[in-house]
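>>> my questions concern the predicted model and sequence given below.
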Amino acid sequence: MDHETEIAHKPVDSEASASVSNEMRVSRREVSREERVSYGKTDEDSKEPLVGAEERKLVNYMANAQSAYRSSKDAAMETVSQLYMLWQATLSNAKTEGARAWLDSEVKVLNSVIDDHNKDEIVLSTRLKNIADGKTTLDQEYPIEGKSEAEIKVIEQQKALFLHYSSLDTRERSHRRKIAVDFTDMKTVYTNITRFGLRLLDGIETDVVSRYAKVLWFVCQHHLEEAVEDPADIVAWLKEHGGFEACLRRAADYRSDEDNDEKDDERIINEDADEHARSFVATLPAKAAIQLESKFATDGYVLMVGRANGGVMEVLGEVPMTENEVKRAVLHLGNEAETPANDNCEFFARVMALSEIIREGDDSGLTRDNTGSGPKLKGEKSVVIRKDENGRPLLVVSKRYSESSAVIHARPKAWDQFDQIHSDVFLPPKNIARVEKDLSSLAKRRRIDYNFDLAPKRLDGKKPMSPISMEVRYAALEGMPGKKPIKQFFWNALAPQDHKPIDVDHFDPQFTAELDVVRVVELLNTPYKEWLGLARGDKNRTNTDLIFNGKDLTVQITGISPYTVQLEKDVGGKFKLTFNSRELYDLFSRLEGQYAEKFIIKGDEAGLMAISWEDQIAYFAVHQPMVNAKGQTITRRLAPMRVKATVMEAAE
């Protein structure tokens with residue numbers, strides 16, 4: 001055995017490890033039988049999502065990985081290659097719905113057996129404690145009086161297992177507990193696919209799982225957008241990079257270097273944005289000048305306290321401020337004052353700012369395999385480009401892993417590359433976070449350029465699996481040694497995803513109304529100002545009725561006097577829409593900051609209101625779901641997004 005394999009496969013000298021239950025090592029078919037015996041399930045209850053060659057391929061990946069793990073020559077690298085193929089088929093952007101369904105079914109069966117095993121461990125632990133405390137005896141725990149010969153044989157076997165358990169120390173007993181496999185948290189996906197593929201489920205095997213998961217992660221980072229057809233290619237790649245142990249070290253260095261590079265890039269980008277904001281403020285013309293000697297000037301700037309009085313600003317005096325306070329004030333002024341230079345960035349920035357009305361992290365009640373069992377998925381913001389009913393691309397921001405969400409639709413007025421997108425794609429969560437960070441301030445946006453690549457290639461020249469990518473050019477990084485001024489964010493095909501985000505479904509508006517921004521501000525400053533004064537618990541329990549009657553819009557918040565404003569036009573009837581007060585306040589607060597003077601409201605009393613507007617760069621619409629009298633969201637006009645299948649070409 002070579003040094004690399006010897007380290008990777010060093011056996012654990014422990015009876016606890018050797019006593020891994022047979023259920024953990026058996027095949028899919030055997031585990032399925034075990035599950036049916038344990039839970040009384042029929043063959044009809046246990047239909048398998050895949051049959052034939054595709055299922056055999058997935059099972060072979062697991063079998064080959066386990067076989068390589070137990071063998072000698074190049075075992076570690078071969079193991080990783082098979083785990084990679086399993087990951088690619090079931091969890092990567094190239095996965096199929098059938099393969100992912102197969103994985104979810106396998107995990108459900110495996111976790112059922114793990115759960116039974118861990119319950120048995122609790123029984124053994126309880127019996128041991130009862131005997132140690134003198135509450136019972138060994139013979140009382142395993143009585144044989146009056147039992148048949150066959151029953152006595154089973155009891156003696158159980159007793160022998162208990163005696164072995166009682167001979168272990170506390171640490172060894174804790175290692176007998178199995179660790180369940182969970183793919184709901186994508187941060188641990190490589191650990192879980194390793195644990196699942198190799199059936200390394202004991203706590204004592206955590207270190208081994210961690211080693212393989214790190215190397216698998218390292219391989220995946222270099223093949224994320226590349227379709228690999230032969231696991232031998234992964235073995236060859238690992239050898240080119242020094243073998244298993246070398247890649248294990250490189251994985252740690254790569255993650256560290258990647259984090260350090262990211263932090264350094266972010267520092268440079270922020271400093272560049274700050275410097276340009278300061279330079280801009282230095283050239284701003286003064287709005288007014290007064291003859292007054294400064295006492296507290298810092299870097300040539302002063303902070304004045306004034307009083308608004310009937311359209312006149314009365315200067316009361318100067319107050320001291322620190323250098324950091326000066327810096328923040330100057331940067332704030334520079335950030336707010338300059339007209340944005342890049343419409344593409346502004347489009348995404350305005351949509352992402354608007355999307356803050358979408359609350360994440362709620363318990364959806366949904367699970368990965370759409371059954372009632374297993375860990376519940378948390379609501380997660382989703383950014384999608386899909387084709388509308390006319391075949392034109394539309395940006396949709398809502399939530400997935402949820403049954404309800406505000407839904408934002410947006411389309412830029414003049415962005416050629418956007419108009420040429422013909423695939424239904426979504427932006428992965430990590431890339432959403434990157435976009436939000438990039439566009440968080442106007443000062444940064446002025447130094448960034450966003451655009452789409454409709455025939456993308458990876459930076460290494462190979463063809464990716466993603467249909468489009470977003471190229472981001474950072475002016476701050478141009479010309480800097482060792483820096484890459486252009487970064488690439490891939491959008492993934494939406495069709496293969498198991499859970500589609502929420503979208504509008506069969507919206508049938510009964511009326512149209514116009515509301516200007518002055519009325520929006522009036523509502524925020526009057527009925528909602530009173531609502532803001534309520535205790536937090538009281539605010540969250542209130543509903544708001546919007547009553548449209550002719551040219552009147554009456555806002556009726558639970559427990560607060562109704563307030564009426566005038567609409568631009570008569571709606572031609574009387575209609576009532578009911579919303580959660582917090583959600584409607586968040587929406588109106590966002591409307592106040594839009595670059596628009598007028599908003600079009602369309603209402604469907606069956607459960608949805610749409611508010612649309614346009615500014616100089618884009619069209620926007622927010623679809624807000626209603627609630628019933630009990631405050632429960634009405635989902636009648638919402639449904640998982642429907643998309644057409646996308647055929648992806650394999651990488652060349």
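Everything's here; your move.
>>> and the closest residue to residue 90 other than its chain neighbours, how far from residue 597?
What sits nearest to residue 90 in space, not counting adjacent residues and going by C-beta to C-beta, 6 or more residues apart in numbering, is residue 103, at 4.2 Å. From N, CA and C alone the C-beta is placed, and that goes for glycine too. Distance, residue 103 to residue 597, using C-beta to C-beta, to the nearest Å: 52 Å.
>>> so between the two, which is more surrounded?
Shown here are residue 103 and residue 597; by other C-beta atoms under 10 Å, residue 103 has more neighbours (25 against 10).
>>> list the buried residues in whatever helix or strand the more buried one lives in.
Using DSSP states H and E, residue 103 sits within helix 97-132. Residues of helix 97-132 classed as buried by neighbour count (16 or more other C-beta atoms under 10 Å): 98-114, 116-117, 121, 124, 127-128, 131.
>>> just stretch 191-209 next, same as before
Of the residues in stretch 191-209, 191-202, 204-205, 208-209 count as buried by neighbour count, 16+ other C-beta under 10 Å.
>>> tell me which two of the residues you listed sit farthest apart.
Spanning the widest gap among the buried residues of stretch 191-209 are 193 and 204, at 19.8 Å by C-beta to C-beta.
>>> thought residue 492 was touching residue 93?
Yes - here residue 492 reaches residue 93: they are 4.7 Å apart, a contact under C-beta atoms under 8 Å.
>>> tally of neighbours for residue 273?
Counted with other C-beta under 10 Å, residue 273 comes out at 23.
>>> for residue 612, which non-adjacent residue is spatially closest?
residue 621 (3.9 Å).
>>> can you tell me the average pLDDT over the host helix or strand of the one you found?
Assigned by DSSP H and E, residue 621 belongs to strand 618-625. Mean pLDDT, taken over the full extent of strand 618-625, equals 96.
>>> mind listing residues that contact it?
347, 350-351, 354, 357, 404-413, 504, 507, 579, 583-584, 587, 590, 594, 607-614, 633-635, 637-638 (C-beta atoms under 8 Å, 6 or more residues apart in numbering).
>>> and it, how far out from the chain middle?
22 Å (C-alpha atoms, centre = their mean, to the nearest Å).
>>> state the next helix or strand along the chain beyond that strand.
strand 638-640.
>>> before we move on, back to that, which of the contacts of strand 618-625 fall within strands?
407-412, 504, 579, 608-614, 638 (DSSP state E).
>>> out of those residues, which end up buried?
Looks like the ones in strands among the contacts of strand 618-625 have 407-412, 504, 579, 608-614, 638 buried, using 16+ other C-beta under 10 Å.
>>> pull the number of nearby residues for the residue nearest to residue 612.
19.
>>> tell me the bridge partners for it.
Beta-bridge partners of residue 621, counted by DSSP bridges, are residue 409, residue 612.
>>> backbone torsions only: list them for residue 523.
Main-chain dihedrals, residue 523, degrees, to the nearest 10: phi -70, psi -40.
>>> identify the farthest-apart pair in the buried ones among the ones in strands among the contacts of strand 618-625.
Top of the distance list for those (C-beta to C-beta): 412 and 579, 28.7 Å.
>>> out of everything not next to it in sequence, what's closest to residue 314?
Nearest to residue 314 is residue 307, by C-beta to C-beta, 6+ apart, at 4.5 Å.
>>> double-check that the one you found belongs to a strand.
Yes - assignment of residue 307 by DSSP: H, G, I helix; E, B strand; the rest coil places it within a strand.
>>> number of nearby residues for it?
9.
>>> that one reaches residue 317, doesn't it?
No - the criterion here is C-beta under 8 Å, and residue 307 misses it with residue 317 at 10.5 Å.
>>> determine the longest helix present in the chain.
In the chain, with assignment by DSSP state H, the single longest helix is helix 244-282.
>>> who are the packing partners of it?
Using 3 or more C-beta pairs under 8 Å, 6 or more residues apart in numbering; DSSP states H and E, the elements in contact with helix 244-282 are helix 3-8, helix 75-90, helix 206-222, helix 323-337, helix 442-445.
>>> now do the buried residues in the longest one.
The one in question is helix 206-222. Quick answer for helix 206-222 (16+ other C-beta under 10 Å): 208, 209, 211, 212, 213, 214, 215, 216, 217, 218, 219, 220.
>>> residues touching the fifth one, list them.
If a contact means C-beta under 8 Å, 6+ apart, then residue 213 has 190, 191, 193, 194 as its contacts.
>>> can you add distance to residue 165 and pLDDT and give those residues back as a markdown table?
As requested, the contacts of residue 213 are arranged in a markdown table below (distance: C-beta to C-beta, whole Å; pLDDT from 0 to 100):
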| residue | distance to residue 165 | pLDDT |
| --- | --- | --- |
| 190 | 33 | 90 |
| 191 | 28 | 91 |
| 193 | 31 | 93 |
| 194 | 28 | 93 |
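>>> now the two most distant members of these.
It's 191 and 193 that sit farthest apart of these, by C-beta to C-beta, at 7.6 Å.
>>> span of stretch 301-320 from start to end?
10 Å (C-alpha to C-alpha, to the nearest Å).
>>> next one: residue 634 from residue 343, what distance?
For residue 634 relative to residue 343 (C-beta to C-beta), the value is 36 Å.
>>> residue contacts, residue 275?
Counting by C-beta under 8 Å, 6+ apart, there are no residues that residue 275 touches.
>>> what pLDDT does it get?
77.
>>> check residue 454 too.
Predicted confidence (pLDDT) for residue 454: 87.
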